[in-house]
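Engineer: coordinates for the following, if possible.
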Amino acid sequence: MFKTLKNAFKVKEIRQKMFYTFVMLIVVRLGCQIPVPGTDGSVVASLMGKLSESTSNTLIGAFTGGLEKMSIFALGISPYITSSIIMQLLTIAIPRLEELHKDGETGRKKIAEITRYITVALALITSIAMALGFGNSNAFGNKASMTTAQYLFTIAVVVITWTAGSAFLMWIGERITEKGVGNGISIILVINIIARIPSDLYNLYESKVKITSTNGRSIGGALLAAAIIVLVIVAIFAFVVILQGGQRKIAVQYSKKLQGRKMVGGQSSCIPLKVNTAGVIPIIFGSSIMQFPIIISNFFGKTAGDGTLWGKILRVLNSGSWFNLDNFKYTLGFLVYAVLVIVFAYFYTSITFNPIEVADNMKKQGGFVPGIRPGKPTEEYLTRILNYIVFIGAIGLLIVATIPIVFSGVFNASVSFGGTSLIIIVGVVLETINKIESMMVVRNYKGFLND
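Structural biologist: Coordinates of the predicted model:
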């Protein structure tokens, strides 16, 4: 990886693209530090403290841009990600969108345009709900001391700012994709995750490693805690790299055909099926469904620790309550979470990889899997292999996502860079490095042709 980056810096064109990406990311991080007009910092800090006690910070930190500061980029790129997922689902359900998807560059541009409109609509709806929720909690000034007109004006300013901020982030992401390196949206997501890691590591040091006169921690205990933390982080990273790179290659042989006086075809190929076919989407879906009732309840003053039946249900849904040895019964929520992840892994894979279409295309091109007849038998073979791989990938995702949760529950060491965040970081870094390598290969081909 470092060798690739070193060689890329020697190429002026690629160096300019990397510099452009760097400048855009600086703009993103600056925007994450600027609060919306009228924000009351003390109230926001109190609200975020309560929210962190009743929810997992992983998704909140990963998909928002400075929500804890009520920044102008508070919505982050979550509306765009949600919009993209919705469009993927609609492409399967609506024949017209499926035709656009297969219509080459023109169709993809039209789908991208529709995605932008949906993004703005989702950002507007989300910002209204969040502005009203936080506004009722006096995050933007004392509501009781405002007139109705003043309160509505304040909420309108917040809604417009957040919606515009989300749209601007979408624009920056598209510009990075076009003029920079890698996928702009993914890179913005990763930089927001990475920005939180130093503070999380410092919090771990403060709570588990640092020796003070009050905690009575010995040097040996501190070193052991530091070693365990490092080993857990390294093990998760290594497992994620293996999971992201794992794939099953299905051999495909193409029959020879006589065209004119020449025999063509007969070459061998393969269909690479990734073990983690659905990526991080199942984790995102599962976590979102589990966290949604908790976040909504917080807006209405209902928390997981209020002792009511609903409060106990919220504790079951909260990953921060799982694997706590003092209240292990709440780990029941993990079983629900595991089922959701596996179900979404199969569901998302089914809409992104169609064995029937693949088998039909192979048959039309004269291809076949050795030992398997073309047509229906090939379709059944691909489906069987895919189901097996998806299950392994889903279990791998659960392992990666569960290790930080277990660590947090047993040792009470909550961090935001959990399994979901690490999968995103590793996946985006590998994707960006591959993009840089392909750009260098294309440049070498151009140089050869120009000579």
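
Engineer: pLDDT weak spots in the stretch 151-300 of the chain?
Structural biologist: Flagging of the stretch 151-300 of the chain using pLDDT under 70 yields the residue ranges 213-216, 256-266, 295, 298-300.

Engineer: verify the contact between Val209 and Ile229 for me.
Structural biologist: Yes - counting by CB atoms under 8 Å, Val209 touches Ile229, with 7.4 Å between them. C-betas here are computed from N, CA, C, even on glycine.

Engineer: wasn't Arg248 part of a strand?
Structural biologist: Yes - when DSSP: H, G, I helix; E, B strand; the rest coil is applied, Arg248 is found to be in a strand.

Engineer: for it, give its distance to Leu314.
Structural biologist: Distance from Arg248 to Leu314, counting by CB to CB, to the nearest Å: 40 Å.

Engineer: cool, Phe140 as well?
Structural biologist: For Phe140, the distance to Leu314 - CB to CB - is 26 Å.

Engineer: mean confidence (pLDDT) on the helix or strand containing Phe19, please.
Structural biologist: Per DSSP states H and E, Phe19 falls inside helix 12-31. For helix 12-31, mean pLDDT is 88.

Engineer: and stretch 168-186, which residues are buried?
Structural biologist: For stretch 168-186, burial by neighbour count (16 or more other CB atoms under 10 Å) applies to 169-170, 172-174, 176-177, 180-186.

Engineer: hmm, back to that, the helix holding Phe19 packs against which elements?
Structural biologist: helix 2-9, helix 148-179, helix 184-204, helix 419-450 (3 or more CB pairs under 8 Å, 6 or more residues apart in numbering; DSSP states H and E).

Engineer: for the chain, longest helix please?
Structural biologist: Identified as the longest helix of the chain according to DSSP state H is helix 376-411.

Engineer: per-residue confidence averaged over that helix?
Structural biologist: Helix 376-411 comes out with an average pLDDT of 84.

Engineer: helices and strands around that helix, which ones?
Structural biologist: helix 219-245, strand 247-254, strand 268-274, helix 281-299, helix 332-352, helix 355-364, helix 419-450.

Engineer: may I see these organised as CSV, with mean neighbour count and distance to Gly396 added?
Structural biologist: Converted to CSV, the helices and strands packed on helix 376-411 look like this (neighbours: other CB atoms under 10 Å; distance: least, CB to CB, whole Å):
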stretch, mean neighbour count, distance to Gly396
helix 219-245, 15, 5
strand 247-254, 16, 12
strand 268-274, 14, 11
helix 281-299, 19, 11
helix 332-352, 18, 10
helix 355-364, 16, 21
helix 419-450, 16, 10
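
Engineer: so what's Ala394 up against?
Structural biologist: 278, 282, 341-342, 345-346 (CB atoms under 8 Å, 6 or more residues apart in numbering).
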